[in-house]
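J.: The following block contains a protein sequence and its predicted model.
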Amino acid sequence: MNHKDFNVWKESMKLVKDVYQLLTAFPQHEQYGLCSQMRRAAVSIPSNIAEGCGRNSDKELIHFCHISQGSLAELETQLLIAADLNYMDSENAIFNQLMKVGKLISGFIHYLQTKPDVQN
């Protein structure tokens, strides 16, 4: 299957869009600081899923999904920092999308690990 067929990739792409839209309201002086970091972390999530899908094995895909989880944790931290700085509301819906993507990545990894042809 192509990476574009997976819900985990589709929802992580939605998260990227949500982050970009959120950042339009951030202070201009953060464009090269926190905003830049948040964009990179968000883009890294679906990018690593796509890269893993392009590799030769489920084991490599699992590895890239773990990298996506790391980027997701990084983005969550940056969103919490932004909320602490009052750049956004801590009740923003983006946190729900972040949790949704996290659950999808975890579920995808579990699915891949339990396939009979995958060696952990």
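T.: Yes, it's here. Residues are numbered from 1 along each chain as shown.
J.: list the contacts for the spatially most central residue of the chain?
T.: For the chain, the residue sitting closest to the mean C-alpha position, by Cα atoms, centre = their mean, is Ile45 at 3.5 Å. Counting by Cβ atoms under 8 Å, 6 or more residues apart in numbering, Ile45 makes contact with 12, 15-16, 68, 71-72, 75, 101, 105. For glycine as for every other residue, the C-beta is placed from the backbone atoms N, C-alpha and C.
J.: How about Glu76?
T.: Glu76 makes contact with 95, 98 under the criterion Cβ under 8 Å, 6+ apart.
J.: State whether Val8 and Phe108 are indeed in contact, as I suppose.
T.: Yes: counting by Cβ atoms under 8 Å, Val8 touches Phe108, with 4.7 Å between them.
J.: And the two? Which one has more around it.
T.: The residue with more neighbours, out of Val8 and Phe108, is Val8; 23 against 20, by other Cβ atoms under 10 Å.
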